[in-house]
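[1] For reference, the sequence and a predicted model appear below.
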Amino acid sequence: MKNKLLLRTNFLLCGILALGFTISSFLGMKSYEEMFKKNIEAVGSLTSESIFHQINSHAAQPLSISTAMSDDRIFENFLATELPRPSSVSLSLVKERLKFYKEHYGFASAFLVSSQTDTYYHFSGRNHVLEQNDSENEWYYYFKSSPDEYSFGEGTDPYEGDMYFVDCKIYDDNGNLTGIVGLGFLIENLQELLQSYNREYDINLLVTDVGSIAAMAKGEHENLLQSFKSINVSELASIVEETGEGKQTVWKRNFFIVSAYIPSIRSYLVIENNIEKMRSYFNVQLICGICVTILIALVILLIFNKVILSYNGRLLELVVSQEVEHYALLSDAIKNLYPDVLEFDLTHRRAYGENTKRNCKTIGLKDDADYREIVETVMKNQVKEEFRESFLNVFTLENVIERYSKGETEIKYDCMMNTHWDHYNWVQLQAQLFYYMSDESIHMILFSRDINDEKERERRLLRMAETDSLTGLYNKNATKRHAEAALTQTEEGSVCALIITDIDYFKSVNDTFGHAVGDRVIKDFAKKLKRQFRDVDICGRIGGDEFAVLMRDIPGGSWLTGKMEKLAQELRFEVSDGRRKTDEKIKSLNITASIGVACYPQNGMDFDTLYKSADAALYKVKENGRNGFLIS
């Protein structure tokens, strides 16, 4: 009876053990699968961001060049003086300028359209009027009436065929639309880029716009979703509509989909990740785990019937040691990814864990230092001065606990820190907040990520958008924006000067020596101009041969007069073309400049007022024979 009772008891214990292991394995697998999905989402988001920035960068050059074309003085002058039948000289000048932009920057096409006559001027010299009732010209009349400054999308060059176009509007000095310029590049270039992403990341990827999706739905466009397994055209349209101008992630059965709007090309990036194989692998592992667990339970029942209880303690010790080892391996893996992982007990205002306590000692604190003291010490010793106040506001104990009480569990903060005690780097501090049941307290895990490369990419894109490609100075829009900001920050009692200058008879340089020499003259003129001013002064090219400079905090009127005399002298130089024959009459030309100056605050308190005053002074200099200056 006793043996039967022991047998039944052990049988019951083994059954409970087998059932427990089975349920534990199932729940553990489900938990791990959820963690895997989150990792897939994180990796998918990072992949999409990388592709997003590369595509955005791919589209940045044509947009930058198109913007520069819209500020080209040749086009502005042509549109301002355009007649119903322009002269052959004007048409030739426009043709050569369009051809220069096409060939110099490696584009497939370049064009100019007059908004007054609706005439289309092609880089090849051909031109025609864009009739409104012609469906091929819908893009022009739609863009002409839209508030957008530029457009990006597929189109058809009437002489070259299908390609992508970046179009940009041209305005006169009164803000009236005078024309549209555009650059075309081959669609195959973008398609090759997308195919390289498909091969590199083993994903399905699509870049499309709302119009293409609607055309696919009507059967009027090639179905670009043939390689996608999880969604059809109608589902794609729904996802894009929900994405709007942002970003979203969607799970469709065994597929993870990321959708993001690319504003520079007004299109959507859609990425499909297939985790079907991984899910099947997990299911097989789950079944194998259950079978192995049942087999172990049977072996325990048959072989260790009488001694199972005596080994309970040892079994528990083994399980605990495995968990400790697993935790140690997991901690090492996290440290390899994020070397400075720190944990804080916010409820008790202290460092938590040996690694965090060791870090406290490295910055001169005790391992039981108060959380407030730790934050203040890090702020003073490691955070760059201009970020200290915002750093303190984000990571104060009261602020962190308040954010957690509102349901926030994640904090991200970008700043420059002296993380290695040698120089400042851009880092992103990421904090995870959670409630620790064992000691009933709020904990924060904090780790840092180096984002120097990301910030450098942002700075490069900003420089590209602000810089005139020929001279390296600010372009027209950037000059005005920086000058307005500088005037806003000017202290009371300070004097500034806005200088407007252009090259006298610059057209004769192009007519005599050609555009290549003309470009060289503009470059040399810009260098000489830049050398005459300080780094705090703002120099920019605001037209074909027109430049603007805002001098900040100048001593006064008499000093300014001397400065302008020296500037006018420095901008006088000789230009020649060594390739010209010695028997030609004109071997060189003398370059001079006309300069108009307006002073802040005497002539105005804002950029537009100062510009009008300086431009009026420049006009008077030209009336009096050029090659001089006038201060309003």
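    Yes, it's here. Numbering: from 1, shown residues only.
[2] okay, and the helix or strand of this structure with the least pLDDT?
    helix 312-337 (a mean of 54; mean pLDDT, DSSP states H and E).
[3] following that helix, which helix or strand comes up?
    strand 342-345 (DSSP states H and E).
[4] for stretch 503-515, which positions count as buried?
    503-506, 509-510, 512-513, 515 (16 or more other C-beta atoms under 10 Å). For every residue, glycine as well, the C-beta is placed using N, CA and C.
[5] Could you single out the nearest of the residues you listed to Ile591?
    Ile503 (6.3 Å; C-beta to C-beta).
[6] Strands of the stretch 151-300 of the chain, residue ranges please.
    161-171, 177-185, 204-208, 247-252, 255-262, 267-274 (DSSP state E, counting those that start in this stretch).
[7] So what's the gap between the fifth one and the chain middle?
    In terms of C-alpha atoms, centre = their mean, to the nearest Å, the centre of strand 255-262 is set 17 Å apart from its chain centre.
[8] Give the other helices and strands that that strand contacts.
    helix 2-70, helix 233-243, strand 247-252, strand 267-274 (3 or more C-beta pairs under 8 Å, 6 or more residues apart in numbering; DSSP states H and E).
[9] Dump that strand to PDB, restricted to CA.
    Written as PDB, here are the backbone C-alpha positions of strand 255-262 (Å, rounded to 0.1, in the frame of the first residue of the first chain):
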ATOM      1  CA  PHE A 255       4.700  40.100 -42.400                       C
ATOM      2  CA  PHE A 256       5.900  43.300 -40.800                       C
ATOM      3  CA  ILE A 257       5.300  46.400 -42.900                       C
ATOM      4  CA  VAL A 258       6.800  49.900 -42.500                       C
ATOM      5  CA  SER A 259       5.400  52.900 -44.300                       C
ATOM      6  CA  ALA A 260       7.000  56.300 -44.300                       C
ATOM      7  CA  TYR A 261       6.400  59.600 -46.200                       C
ATOM      8  CA  ILE A 262       9.400  61.100 -48.000                       C
END
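[10] what are the pairing partners of it, and which direction each?
    Here strand 255-262 has these sheet partners by DSSP bridges: strand 247-252 (antiparallel), strand 267-274 (antiparallel).
[11] Can you say which of those strands is nearest to Thr347?
    The nearest among the strands paired with strand 255-262, by C-beta to C-beta, is strand 247-252 at 33.3 Å.
[12] Show me what counts as buried in that closest one.
    So strand 247-252, judged by 16+ other C-beta under 10 Å, has buried residues 247, 249-250.
[13] Please apply the same query to stretch 522-541.
    For stretch 522-541, using 16+ other C-beta under 10 Å, the buried residues are 522, 525-526, 528-530, 532-533, 537-541.
[14] So what's the gap between the helix or strand containing Ile411 and the chain middle?
    Under the criterion of DSSP H and E, Ile411 resides in strand 410-417. Here strand 410-417 is found 18 Å from its chain centre; the criterion is C-alpha atoms, centre = their mean.
[15] cool, stretch 356-363 as well?
    36 Å.
[16] Then stretch 106-116?
    27 Å.
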